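Engineer: got a structure for you, letters missing:
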């Protein structure tokens, strides 16, 4: 466990910034969670439920020392998604996960997912990571496959039901 002052690093890619979640992100986050597009990631939710969820995202950084970042484009600080490392107690192992609610189809999820995975390998010393993908979330499967992940198994989550476990290539495989 880490302290309540765990710093959240900022990552950048060619087109994106991955930064700490902030109160200013609530409107975009809540707008996404108010729609059916959020069905594969725990939604829809009310604005108040979304606020609590955003607080959980921040709390994960404190409890685990890593977590998920708000994604923005490099030229606009408006939140367009949430991507990063996630490992709640009811998950079989640590994952890299993503959802982009603005700018779909531009490759942002894979670009941000690769940055988060690289952080896990280079900064945290991980040697493996998975993505947990709800059955029917074909867009997310395409992102995982674009990142080199392969379907390994199924996991039956007590709340979310059956999820596919997609294993990502490890740092040695990526380097080769």
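Structural biologist: Happy to help now that I have it. Not measured: the values here are computed from a predicted model. Numbers count the residues shown, from 1 in each chain.
Engineer: drop to CA atoms for contacts and neighbour counts, all remaining ones
Structural biologist: Noted.
Engineer: Against which helices or strands is the strand or helix carrying residue 30 packed?
Structural biologist: In the assignment (DSSP states H and E), residue 30 maps to helix 26-33. The contact analysis (3 or more CA pairs under 8 Å, 6 or more residues apart in numbering; DSSP states H and E) places helix 26-33 against helix 47-64, strand 76-86.
Engineer: can you give me the angle the shortest one makes with helix 47-64?
Structural biologist: Counting by axes from the mean of the first three to the mean of the last three CA atoms, to 10 degrees, strand 76-86 points 60 degrees away from the direction of helix 47-64.
Engineer: coming back round to it: now do the helix holding residue 30: everything it contacts.
Structural biologist: 38, 43-47, 50-51, 54, 78-81, 101 (CA atoms under 8 Å, 6 or more residues apart in numbering).
Engineer: re the thing from before, please identify the most buried of the helices and strands packed on helix 26-33.
Structural biologist: Per-stretch averages of neighbours, counted by mean count of other CA atoms under 10 Å, single out strand 76-86 among the helices and strands packed on helix 26-33, with a mean of 21.
Engineer: Hmm, residue 60 is touching residue 69, no?
Structural biologist: No - the criterion here is CA atoms under 8 Å, and residue 60 misses it with residue 69 at 10.9 Å.
Engineer: In the protein, what residue spans correspond to helices?
Structural biologist: 26-33, 47-64, 108-122, 138-146, 171-175 (DSSP state H).
Engineer: How much space separates residue 155 from residue 100?
Structural biologist: 23 Å (CA to CA, to the nearest Å).
Engineer: So which of those two has more stuff around it?
Structural biologist: Between residue 155 and residue 100, counted using other CA atoms under 10 Å, the more crowded position is residue 100 (21 against 17).
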